[in-house]
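*Asks:* have a look; sequence and predicted model below, questions after that.
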Amino acid sequence: MIEQESKNFKLIGHDPSAAFGCGSLVEVRNGHAYVGSVGVDGVEGFTVHDVQDPRKPRKVWEFKAPPGIHMHKLRYVHENLLYVNSERLPGDRGANAQGGFYIFDISIPHTPRQVGFVNMPGSGPHRFGVDNTRHLAFMPSDAPGWDKRVIWTMDIKNPLKPEPISIWGLPWQKSEGGELGNDPVPGANTCTLHGPPMIRGDRMFAAFWGGGMAVIDCADLTDMKLLGHVKWSPPFVGCTHTAWPIGNRPYLVVTDEARGKQNYWDSQFMWIVDIRDETNPTPVSTWFPEREKYFNRGGRFGAHNILENVTDDGPWANIVFITYFNAGLRAVDVSDPLRPTEIGCFVPGVADGERAVQSNDIGVDDRGLLYVIDRWGKGMHIVEYTG
């Protein structure tokens with residue numbers, strides 16, 4: 001038995017049924033949480049939960065993916081729509097499946113209705129992003145003339161008919177052709193876009209798995225240019241997952257995802273990258289929780305994703321909320337970028353005979369409550385940050 005840990009977090013509610021027990025991305029809108037499934041226990045799709053009373057969340061709807069499809073990433077799109085990825089499973093399992101993304105109408109929050117599907121080449125998008133302010137979507141997907149996944153920037157002013165604006169990758173991803181993709185589980189050294197890419201001002205930031213992270217001039221979305229790039233694998237193990245700026249400061253939070261087959265004592269953690277010189281992004285510090293305590297608990301030990309809104313003002317200024325697999329959810333103060341400091345944690349308890357915690361993703365609602373999603377059977381925990 002491992003007891004629940006909580007420092008500066010308060011547990012509000014719990015629903016173990018989220019995403020059939022194996023969750024990934026979560027979006028919370030209009031009193032409902034939408035949770036994509038990573039398919040660990042064999043069920044692909046997403047679930048919907050009524051969280052109007054966060055103390056008593058309950059599943060109200062579910063969608064199971066068609067055969068051969070990995071459906072674990074979803075994003076809210078203005079005008080009450082939800083985009084949900086359709087990613088071909090590797091090998092023969094996904095041989096007859098169609099890559100792309102679904103469009104669901106969630107104007108009736110507890111009963112989504114499919115209203116569209118957008119075909120994309122290759123294996124389809126992985127962790128994509130949506131910028132509702134700019135009416136843009138960023139799809140990490142395969143494309144002719146490119147090796148592995150690259151950035152599809154899409155105009156979603158008409159969200160039912162998204163249109164590609166540009167397709168862009170790192171210069172060395174250019175390819176003369178060949179079979180596209182079907183690589184949803186890339187090797188640690190594979191240079192492929194992960195994401196989601198995001199824009200601040202006229203700069204885009206993107207993480208490229210085994211290929212490091214990039215600063216991109218996106219003043220003209222039809223003619224983007226690489227400004228700066230850094231890659232630390234080797235000597236560190238790669239799997240660069242997310243690159244996100246700290247408000248308007250010249251620093252990025254960058255995570256390297258821990259992989260499923262092997263834990264690393266000295267790799268796959270959170271980085272702070274200095275971009276005061278955009279042409280020379282420079283890692284200046286790292287952060288990870290107490291290795292001696294968590295490393296051998298089972299499952300993955302290492303970083304995954306962050307709450308994708310790191311501000312430099314307001315009550316959560318300079319706080320990174322990060323899921324760290326078997327070390328749960330952590331809150332990290334990055335006000336001094338050279339010395340990130342943990343200021344809170346929430347780690348669900350584990351009963352005897354249960355699998356380890358694998359906190360996968362984190363979301364937030366308009367009340368400021370956080371939604372911690374587990375991929376190994378713990379479902380969805382709703383917590384309040386009290387620090």
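*Replies:* Thanks, I have it.

*Asks:* work out the gap between stretch 7-26 and the centre of the chain.
*Replies:* 16 Å (CA atoms, centre = their mean, to the nearest Å).

*Asks:* give me the mean pLDDT for it.
*Replies:* Taken as a whole, stretch 7-26 has a mean pLDDT of 96.

*Asks:* alpha carbons only: can I get that stretch in PDB?
*Replies:* C-alpha atoms of stretch 7-26 as PDB (Å, rounded to 0.1, in the frame of the first residue of the first chain):
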ATOM      1  CA  LYS A   7       1.400  19.100  -0.600                       C
ATOM      2  CA  ASN A   8      -0.400  22.400  -1.500                       C
ATOM      3  CA  PHE A   9      -3.100  20.400  -3.400                       C
ATOM      4  CA  LYS A  10      -6.600  19.300  -2.200                       C
ATOM      5  CA  LEU A  11      -8.400  16.400  -3.700                       C
ATOM      6  CA  ILE A  12     -11.900  17.400  -4.700                       C
ATOM      7  CA  GLY A  13     -13.200  14.500  -6.700                       C
ATOM      8  CA  HIS A  14     -12.300  11.300  -8.500                       C
ATOM      9  CA  ASP A  15     -13.700   9.300 -11.400                       C
ATOM     10  CA  PRO A  16     -11.800   6.000 -12.200                       C
ATOM     11  CA  SER A  17     -13.800   5.500 -15.400                       C
ATOM     12  CA  ALA A  18     -12.200   8.400 -17.300                       C
ATOM     13  CA  ALA A  19     -11.000   7.200 -20.800                       C
ATOM     14  CA  PHE A  20     -11.800   3.600 -19.800                       C
ATOM     15  CA  GLY A  21      -9.100   3.900 -17.100                       C
ATOM     16  CA  CYS A  22      -6.200   4.800 -19.500                       C
ATOM     17  CA  GLY A  23      -6.400   8.500 -20.100                       C
ATOM     18  CA  SER A  24      -4.400  11.100 -22.000                       C
ATOM     19  CA  LEU A  25      -5.400  14.600 -23.000                       C
ATOM     20  CA  VAL A  26      -8.300  16.300 -21.200                       C
END
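
*Asks:* in that stretch, what's buried?
*Replies:* Neighbour-count burial for stretch 7-26 flags 9, 12-15, 17-26 (criterion: 16 or more other CB atoms under 10 Å). Yep, even glycine has a C-beta here, placed from its N, CA and C like the rest.

*Asks:* ok, so of those residues, who is nearest Glu308?
*Replies:* Nearest to Glu308 among those: Leu25, at 9.9 Å, using CB to CB.

*Asks:* for the closest one, what are phi and psi?
*Replies:* phi -60, psi 140 (degrees, to the nearest 10).

*Asks:* separation between it and Tyr76?
*Replies:* For Leu25, the distance to Tyr76 (CB to CB, to the nearest Å) stands at 11 Å.

*Asks:* how about Val364?
*Replies:* For Val364, the distance to Tyr76 - CB to CB - is 12 Å.

*Asks:* again with Val48
*Replies:* Distance from Val48 to Tyr76, by CB to CB: 12 Å.

*Asks:* which of those two has more neighbours?
*Replies:* Shown here are Val48 and Tyr76; by other CB atoms under 10 Å, Val48 has more neighbours (22 against 17).

*Asks:* not counting sequence-adjacent ones, nearest residue to that one?
*Replies:* Trp61 (4.0 Å; CB to CB, 6 or more residues apart in numbering).

*Asks:* let me know the helix or strand that that neighbour is in.
*Replies:* Using DSSP states H and E, Trp61 maps to strand 58-64.

*Asks:* show me what that strand is packed up against.
*Replies:* Secondary-structure packing of strand 58-64 (3 or more CB pairs under 8 Å, 6 or more residues apart in numbering; DSSP states H and E): strand 45-50.

*Asks:* in the strand it packs on, what counts as buried?
*Replies:* Gly45, Phe46, Thr47, Val48, His49, Asp50.
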